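**Student:** here is a sequence together with a model predicted from it:
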Amino acid sequence: MHIDIFGEFVLILGVSALMIMIFQRIRLPSVIGFLAAGMLIGPFGLSLITGTEQIEILSEIGLVLLLFLIGIEFNLKTLSAIRTTVFIGGGLQVIFSILLTGLISYLYGFNPNVSLLIGFMVSLSSTAVVIKLLQAAGRINNQEGKSSMAILIFQDLIAVPMMLLIPIMAGKGSGNTWYLLFLLVLKTLAVLLFVLLAARYLFPALMYQVASTKSQELFILTILLTCFAIAWLTNEAGLSLALGAFLAGLVISESEYSHQAVANVLPFREVFMSFFFISIGLMVDLGFFLQNFYWIILLTLAVVFLKFIAGSSALIMLGKSTRVSLMTGLALAQIGEFSFVLLKTAKDYSLISGTVNQYFLSISIFSILVTPLIINQMDRICDLLGQTNVPVILSKFNNMIRPGDRVELAEIPKETLSDHLLIIGYGINGKNVSRAARFSGIPHVVIEIDGRLVKEAKEQGVQVIFGDAIHTEVLNSAHVEKARVAVIAISDLNATKRIISAIRVLSQNVYLIVRTRYVREIEELVALGADEVIPEEFETSIEIFSRVLHKYLVPMHEISEVISTIRSAHYELFRPVEARSSSSVDLNIPDLSVAAIKVSKLASGLAGRKISESGLRQKYNLNLIAIRRGKDYIQDIRPDEEIKQDDVLYVVGTFDNISALYRRVSDTGHWGTTDE
């Protein structure tokens with residue numbers, strides 16, 4: 001590499017760092033900072049960077065690594081679960097975009113072929129920008145994130161056939177074109193078959209051998225080789241590098257090495273992705289933009305609106321909720337990087353003029369520029385739309401085309417919706433709450449926005465209402481004002497906050513239990529009206545430290561006290577806890593559980609009994625190895641030793657037997673006899 005290239009890299013990194021620092025100060029996403037840096041130093045700005053080929057190569061690497069990591073996070077099971085959204089939702093989004101844009105272009109005066117080409121280019125969204133921003137906003141695993149990702153996968157698949165059709169639209173195609181399309185389908189199927197076989201058989205065996213060497217360098221090289229090899233393979237088959245990288249990620253996601261792979265590749269992705277956004281900024285012709293400012297802004301807004309309508313309508317037709325559909329439409333409301341490839345191909349075939357090329361390039365880039373602002377304000381935009389008739393129209397359209405996914409209020413007997421349990425969300429947590437309610441005979445009703453889960457709930461005999469619980473009309477249909485308890489069991493924080501507010505508008509009496517992910521979210525949710533917030537993050541930590549304390553022989557009652565104290569304090573940070581060196585014994589007995597159980601006043605039936613009368617061995621199959629009485633330890637235990645109140649018994653046995661003893665000591669004051 002020529003030494004001047006290093007100078008350009010230093011300049012790029014320096015200007016990028018400065019721009020990101022400035023944009024962070026004014027609370028704008030770093031993506032805009034990279035785009036601005038490219039515009040500033042590019043050939044149409046200060047002309048500090050003239051050669052862009054190396055930058056484009058680095059940006060391709062960044063795009064490959066981004067899709068690779070997304071593939072690892074998705075895995076084949078997740079992809080299979082969203083296959084309907086990929087093919088039907090993606091197909092509808094592309095068709096709607098082409099029809100709307102193509103019709104308007106034709107009415108504006110373009111010939112049919114150029115109108116169709118413009119429809120092709122507008123229908124594609126930016127995979128790199130959307131995924132990056134959804135990840136930064138914590139939405140990639142929400143329903144709008146998964147729906148957006150599914151449609152982007154389809155767009156990557158359909159981009160290549162679009163490119164092959166351009167020669168035909170330019171009047172320079174041949175009979176060979178249709179043969180090439182047929183061949184492309186066969187190659188695609190072959191690549192997918194190879195990926196499935198590699199994920200199940202080839203890669204696990206390969207990584208086992210690599211991991212056995214305990215060489216971190218070999219592990220990283222193998223991961224990167226897998227990523228770029230499959231990406232190259234798909235590119236050679238006529239598909240895109242990005243799609244190949246995504247499939248490579250799916251291969252690795254099926255192995256136990258996926259987490260380490262993410263940790264190793266993540267730093268590379270962050271660096272190379274910066275070059276991707278900078279390369280887009282380099283293409284902006286500021287002079288042309290300033291000369292045609294009003295038209296470009298107007299056309300950019302028109303494109304964003306049309307793509308929003310196309311994406312939202314596609315999700316509505318799949319039975320998604322109004323809010324998820326609106327958010328997905330907003331996320332996809334820009335023109336993507338593959339559109340630039342179509343644009344270049346069309347220009348090579350003289351299908352479009354230079355002026356149209358510059359207009360489309362400017363509109364595309366500025367639609368990308370506004371995307372961070374749109375995604376960061378999606379909730380506010382949906383709130384504003386909620387004050388219009390848009391959600392009502394979409395909901396009616398949804399109910400009209402998906403009647404099987406809707407449960408009419410008349411189907412739920414009104415008398416059962418009193419003093420009932422309301423469950424919002426029928427995911428894993430919602431299903432478990434519903435099962436517990438059915439087992440206990442508690443009347444309950446579920447509100448769910450996913451048509452697939454609604455159908456599943458109906459098949460299981462659960463009373464379910466299809467709808468979005470952020471709307472008071474849906475909550476009213478579940479008679480939330482008559483419910484005793486409401487449980488919000490969804491993973492979308494923004495939707496959770498909206499639902500809490502909506503419930504509190506209708507009822508101040510219902511006891512509201514909310515599930516969330518992180519401890520830091522508790523204070524805000526309680527302030528909005530939640531009575532109890534259960535953070536998954538903290539419940540996991542409680543389970544971990546309780547088991548740790550158990551292994552250090554801290555008495556179970558003391559562990560329970562610690563847990564109760566923390567939970568009653570609304571999951572505040574740990575306060576300093578006095579060390580309990582006297583409550584643990586240095587015992588190391590392999591293959592056995594050792595526990596400390598206090599003989600409290602609740603177990604007075606055990607206190608006063610001799611060891612031989614206690615039934616510890618006969619009934620619970622436990623061996624008593626020591627007794628702590630005050631500060632003293634009794635290790636020479638005789639059968640006639642009397643158990644006293646507040647003694648701590650150290651017993652050895654299976655976890656189940658220890659738990660049975662603890663439940664008996666904790667729950668009853670009557671011990672009984674050894675033969676009961």
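**Tutor:** In hand now; what should we look at? Because the structure is predicted, anything quoted here is derived from the model rather than measured.
**Student:** tell me which helix or strand comes right after the top helix by length along the chain.
**Tutor:** Longest helix of the chain, by residue count under DSSP state H: helix 53-81. Sequence-wise, the next helix or strand downstream of helix 53-81 (DSSP states H and E) is helix 83-84.
**Student:** helix, strand or coil for the spatially most central residue of the chain?
**Tutor:** Against the mean C-alpha coordinate of the chain, by C-alpha atoms, centre = their mean, the closest residue is residue 141 at 1.1 Å. At residue 141 the chain is in coil, as set by DSSP: H, G, I helix; E, B strand; the rest coil.
**Student:** which residues does it contact?
**Tutor:** residue 491 (C-beta atoms under 8 Å, 6 or more residues apart in numbering). In short, each C-beta sits where N, CA and C put it, glycine included.
**Student:** could you do residue 216 as well?
**Tutor:** Contacts of residue 216 (C-beta under 8 Å, 6+ apart): none.
**Student:** one more time with 10 Å, if that's ok
**Tutor:** 260, 264 (C-beta atoms under 10 Å, 6 or more residues apart in numbering).
**Student:** same question, residue 158
**Tutor:** 90-91, 94, 120, 123-124, 338.
**Student:** just the buried residues of those residues.
**Tutor:** 90, 94, 120, 123-124, 338 (16 or more other C-beta atoms under 10 Å).
**Student:** and which of those residues is nearest to residue 607?
**Tutor:** residue 90 (69.3 Å; C-beta to C-beta).
**Student:** so the closest one sits right up against residue 154, yeah?
**Tutor:** Yes - counting by C-beta atoms under 10 Å, residue 154 is a contact partner of residue 90 at 2.4 Å.
**Student:** lowest mean pLDDT among the helices and strands of this protein, which one is it?
**Tutor:** helix 390-401 (a mean of 56; mean pLDDT, DSSP states H and E).
**Student:** check which element follows it along the chain.
**Tutor:** Criterion used, DSSP H and E; the element after helix 390-401 is strand 421-424.
**Student:** who touches the following helix or strand past that next one?
**Tutor:** Going down the chain from strand 421-424, the next helix or strand is helix 428-440, by DSSP H and E. Contact with helix 428-440 is made by 420-421, 423-426, 442-448, 453, 456-457, 460-464, 485, 487-491, 513, 515, 534, 536, as judged by C-beta under 10 Å, 6+ apart.
**Student:** show me the residues you listed that map onto strands.
**Tutor:** If you go by DSSP state E, these have 421, 423-424, 444-448, 464, 485, 487-488, 513, 515, 534 in strands.
**Student:** just the residues you listed now: which is nearest residue 146?
**Tutor:** Closest to residue 146, out of all of these and judged by C-beta to C-beta, is residue 448, at 15.5 Å.
**Student:** just to revisit the earlier point, output the contacts of residue 158 as JSON lines; include the columns pLDDT.
**Tutor:** Listed next are the contacts of residue 158 as JSON lines, based on pLDDT from 0 to 100:
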{"residue": "90", "pLDDT": "90"}
{"residue": "91", "pLDDT": "91"}
{"residue": "94", "pLDDT": "94"}
{"residue": "120", "pLDDT": "93"}
{"residue": "123", "pLDDT": "93"}
{"residue": "124", "pLDDT": "92"}
{"residue": "338", "pLDDT": "78"}
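**Student:** among those residues, which pair sits farthest apart?
**Tutor:** Applying C-beta to C-beta across the contacts of residue 158, the maximum distance is between 91 and 338, 16.3 Å.
**Student:** count of neighbours near the spatially closest residue to residue 233 that is not a sequence neighbour?
**Tutor:** Once flanking residues are discounted, residue 233 sits nearest to residue 244: 6.2 Å by C-beta to C-beta, 6 or more residues apart in numbering. Using other C-beta atoms under 10 Å, residue 244 has 28 other residues around it.
**Student:** repeat for residue 641
**Tutor:** By other C-beta under 10 Å, neighbour count at residue 641 equals 16.
**Student:** residues in contact with it?
**Tutor:** 610-612, 614, 624, 627, 634, 647.
**Student:** any idea which of these is closest to residue 63?
**Tutor:** residue 624 (65.1 Å).
**Student:** returning to that earlier point: from residue 534, how far off is the residue nearest to the centre of the chain?
**Tutor:** 18 Å (C-beta to C-beta, to the nearest Å).
**Student:** now do residue 226
**Tutor:** 39 Å.
**Student:** kindly report the same for residue 614.
**Tutor:** Taken as C-beta to C-beta, the span from residue 614 to residue 534 is 38 Å.
**Student:** tell me which of these two has more neighbours.
**Tutor:** More crowded of residue 614 and residue 534, by other C-beta under 10 Å: residue 614, with 22 against 17.
**Student:** what ranges do the helices span in the stretch 551-676 of the chain?
**Tutor:** 556-568, 611-614, 655-667 (DSSP state H, counting those that start in this stretch).
**Student:** buried sites along the second one?
**Tutor:** Applying a neighbour-count criterion of 16+ other C-beta under 10 Å, one finds 611, 613-614 buried in helix 611-614.
**Student:** got it, and stretch 436-453?
**Tutor:** Neighbour-count burial for stretch 436-453, counted by 16+ other C-beta under 10 Å, picks out 437, 443-451, 453.
**Student:** likewise stretch 223-240?
**Tutor:** Here stretch 223-240 shows 223-224, 226-228, 230-231, 233-235, 237-240 as buried, counting by 16+ other C-beta under 10 Å.
**Student:** please apply the same query to stretch 34-53.
**Tutor:** 34-42, 44-45, 49, 52.
**Student:** for these, which one is nearest residue 325?
**Tutor:** Looking across those and measuring by C-beta to C-beta, the closest to residue 325 is residue 35, at 27.9 Å.
**Student:** next up, the contacts around the nearest residue to residue 336 once chain neighbours are set aside.
**Tutor:** Nearest in space to residue 336, with sequence neighbours left out and distances taken as C-beta to C-beta, 6+ apart, is residue 126 at 3.9 Å. Listed by C-beta under 10 Å, 6+ apart, the contact partners of residue 126 are 132-133, 152, 155, 276, 280, 332, 334-340, 364, 367-368, 371.
**Student:** same thing but at 7 Å, please
**Tutor:** 334, 336-337, 368 (C-beta atoms under 7 Å, 6 or more residues apart in numbering).
**Student:** which of those residues fall within helices?
**Tutor:** Reading helices off the contacts of residue 126 with DSSP H, I get 337, 368.
**Student:** can you pull the pLDDT of the residue nearest to residue 336?
**Tutor:** Residue 126 is assigned 86 on the pLDDT scale.
**Student:** one more: residue 247?
**Tutor:** pLDDT, residue 247: 81.
**Student:** can you tell me the SS state at the residue nearest to residue 188 when sequence neighbours are not counted?
**Tutor:** Counting by C-beta to C-beta, 6+ apart, residue 239 is the residue found nearest to residue 188 once chain neighbours are left out, at 6.4 Å. When classified by three-state DSSP, residue 239 comes out as coil.
**Student:** quick one: residue 239 from residue 164, how far?
**Tutor:** 12 Å.
**Student:** please apply the same query to residue 11.
**Tutor:** Counting by C-beta to C-beta, the gap from residue 11 to residue 164 is 39 Å.
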